[in-house]
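Requesting a structural model of the entry that follows:
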Amino acid sequence: MFEGFETTRIDTGAATINVVHGGSGSPVLLLHGFPETSAMWAGIAPELAGSHTVVATDLRGYGQSSRPESGPDHAGYSFRAMAADQVAVMTALGHERFAVVGHDRGARVTHRMALDHPDRLTRAAVLDILPTRHVYAHVDRALATAYYHWFLFIQPFDLPERLISGDPIGYLHTLLGAWGSGNGHVSPEALASYEQAFGDPAARHAMLEDYRAGASIDLEHDEADRDRRVEAPLLVLWGSRGVVGASPVSPLDVWRDYGRDVRGGTVEAGHFLVEERAAETLSLLRSFLNE
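Reported below is the predicted structural model:
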C-alpha cells in the first residue's frame, strides 16, 4: 500500500510501534483513529511524500504495534502514553521537530502531544474531532446516540469484550459504514489490515482500554491543563456529514478555546474523510503544511 516506503518497528521503551516511512523534506507524522490502522493513510501518504518525509504509525494496541498492559487506572492507553510513543518514534528516526496530522483517536493523541511536547511540533492538524473534555461536558441525546460506542466501550472489563466477540468482523464493517460515511470508501488492502487487527481479541481489548482511558485518566490530564492552549498552528478539518459536522456549535469556535492559531473547515464527507475524499483532504493538508 505504501509504495517506496520502508517498514520498521521501533521500541519506545514502553511499547513497540509499527512504522512506515518514506519521502523527503520536512517531516510529518500521520496518526490513525479507531477502528483503523496506519493503512488509512495509504491513499495520500505517497503523494505527500513528494514534498515531505512522511511517517505513519500504528498507535500502541492497534494494528501491528504491541499491546502493553493498561494498568488499573488505564494509564497504559492514555493519550499521554500514546503521545510519548510517537515522540520517541520521531526521535529514533532523527526528527527533532515535525508536523503531526491525526484523525479520530489519533487526533486526540495529537492534541495531547501538542500540550505535553510543544517544543517538538511545528504545526498540528486534527481531523473530525472536538476536544475530549468538550465532548464529555456537552453530551446530549443526539451525541449519545451517535457516539453510543464511547459509553459501551468504557464499561468495565470484560462486558464489551464479550459482546463484540460474537461477530467482531461484522461489527467492524458496521463501524466503518457509520458516522455519515456509508460503505465503499475503504480499499480492499486497507480493509484487510483493519480486519486482521480487529479479529485479534488482544487488539480489541487494547482499543477498549483506549476508550476507558479517555473517560478517566485522560480527563484528569485535560482538567489539569484546562488553561493551556496548543501553541503550534492548528488545522481543524471535519466531515460535513459526520457527527462533528452536525455539532450545534462551530468546531472552529470550540477549538479556538484550545489553541492560539486555529483555522480550518469542512470536507464534503462523513467521519472517514481521508479515505472518502482523499484528493481534497490532501490538498488542504498540503496547503497547511507548506505555509
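
farthest residue from the center of the protein?
What lies farthest from the middle of the chain is residue 166; by C-alpha atoms, centre = their mean that is 26.0 Å.

Which helix or which strand is home to it?
For residue 166, there is no enclosing helix or strand under DSSP states H and E.

quick one: residue 80 and residue 111 touch, right?
No: look at residue 80 against residue 111 with C-beta atoms under 8 Å: they stay out of range, at 10.8 Å. (Glycine included, C-beta is placed from N, CA and C.)

Look up how far residue 199 lies from the residue farthest from the centre of the chain.
Distance, residue 166 to residue 199, by C-beta to C-beta, to the nearest Å: 13 Å.

Residue 21 now?
Note on residue 21: its distance to residue 199, by C-beta to C-beta, is 26 Å.

Neighbour count: the two, which is higher?
Using other C-beta atoms under 10 Å as the criterion, residue 21 and residue 199 rank with residue 21 on top: 24 against 12.

Now do the contacts for the residue farthest from the centre of the chain.
By C-beta atoms under 8 Å, 6 or more residues apart in numbering, no residues touch residue 166.

Need the phi and psi values for it.
Dihedral pair for residue 166: phi -60, psi -40, per degrees, to the nearest 10.

Let me see the confidence value for it.
With respect to pLDDT, residue 166 has a value of 97.

now swap in residue 291 and tell me
89.

ditto for residue 73
Value for residue 73, per-residue pLDDT: 97.

Touching, it and residue 215? I think so.
No: if you go by C-beta under 8 Å, residue 73 and residue 215 don't touch, sitting 11.8 Å apart.

which of these two has more neighbours?
The neighbour count for residue 73 versus residue 215, taken as other C-beta under 10 Å, is higher for residue 215 (15 against 12).

tell me the contacts of that one?
Contacts of residue 215 by C-beta under 8 Å, 6+ apart are 136, 150, 154.

Please identify the helix or strand for the closest residue to the first one other than its chain neighbours.
Nearest residue to residue 136 in three dimensions, chain neighbours excluded: residue 219, at 6.4 Å (C-beta to C-beta, 6 or more residues apart in numbering). Applying DSSP H and E as the criterion places residue 219 in helix 217-224.
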